[in-house]
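S.K.: coords please:
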Amino acid sequence: MKELLPEETIISSELFREQMVMMVKSEHILKVCEIAKNDPELAFDFLSFVAGVDRYPSTPRFEIVYQLYSIKKNHRFRIKCRLEEPTEGLPRIDSVVAVWPTADWHERETAEMFGIVFNNHPDPRKLLLPDHWKVYPLRKDFPLEGSETETPDLPQ
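M.R.: This next block holds a predicted model:
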């Protein structure tokens, strides 16, 4: 995979438990995923999951993890990207739904739970929380007791 990408795309790579893990610059995620899927030697035709990680108080604060699998070749690959917490607005990364349609729900859940925007996502509606909630419950700075301003709409 490394030889298929420009050198400035890759931050690091390592073998972890017999699986290749590559950290790439977030602005290149779409290109990296297209190569991973379309190159016949790689053939990562299945996106197992997309997940968010809050690394607070470290910087960059957020990490997006893509777990790939090749049904044809029976091998796995993990791609990671780190995102800075912007001073205004929410962190952003390109959606990979155009590469693997199954990313739709994974990205929606990650966006909702961590407050990460997936650029060009075809359906960014919430899956789990009420639309009026403006909190991100899987962030490390979310209060353990829940949010006082966001309360569930419980039946009477």
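S.K.: Give me the distance between the spatially most central residue of the chain and Ala43.
M.R.: In the chain, the centroid-proximal residue (CA atoms, centre = their mean) is Ile64; its distance is 3.4 Å. The gap separating Ile64 from Ala43 is 22 Å, by CB to CB, to the nearest Å. Using the backbone N, CA and C atoms, a C-beta is placed for each residue, glycine as well.
S.K.: and the helix or strand hosting the residue nearest to the centre of the chain, what does it pack onto?
M.R.: Per DSSP states H and E: Ile64 is located in strand 62-70. Packed against strand 62-70, as judged by 3 or more CB pairs under 8 Å, 6 or more residues apart in numbering; DSSP states H and E, are the following elements: helix 29-38, strand 46-54, strand 75-83.
S.K.: so can I have a markdown table of those showing mean pLDDT?
M.R.: Formatted as a markdown table, the helices and strands packed on strand 62-70 follow (pLDDT from 0 to 100):
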| stretch | mean pLDDT |
| --- | --- |
| helix 29-38 | 95 |
| strand 46-54 | 97 |
| strand 75-83 | 96 |
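S.K.: Looking at those, which is nearest to Trp133?
M.R.: strand 46-54 (16.9 Å; CB to CB).
S.K.: Strand partners (parallel or antiparallel) of the closest one?
M.R.: Its sheet considered, strand 46-54 pairs with strand 62-70 (antiparallel) by DSSP bridges.
S.K.: buried stuff in the partner strand?
M.R.: For strand 62-70, the neighbour count (16 or more other CB atoms under 10 Å) marks Phe62, Glu63, Ile64, Tyr66, Gln67, Leu68, Tyr69, Ser70 as buried.
S.K.: So which residues make contact with the lowest-mean-pLDDT helix or strand in the chain?
M.R.: Every helix and strand in the chain was compared by mean pLDDT, DSSP states H and E; the lowest is strand 10-16, with a mean of 89. Identification of contacts with strand 10-16 by CB atoms under 8 Å, 6 or more residues apart in numbering yields Lys2, Met20, Val21, Met22, Met23, Val24, Lys25, Arg78, Arg82.
S.K.: State the mean pLDDT of the following helix or strand past it.
M.R.: Following strand 10-16 in sequence order, the next helix or strand is strand 19-24 (DSSP H and E). Per-residue pLDDT values across strand 19-24 average out to 93.
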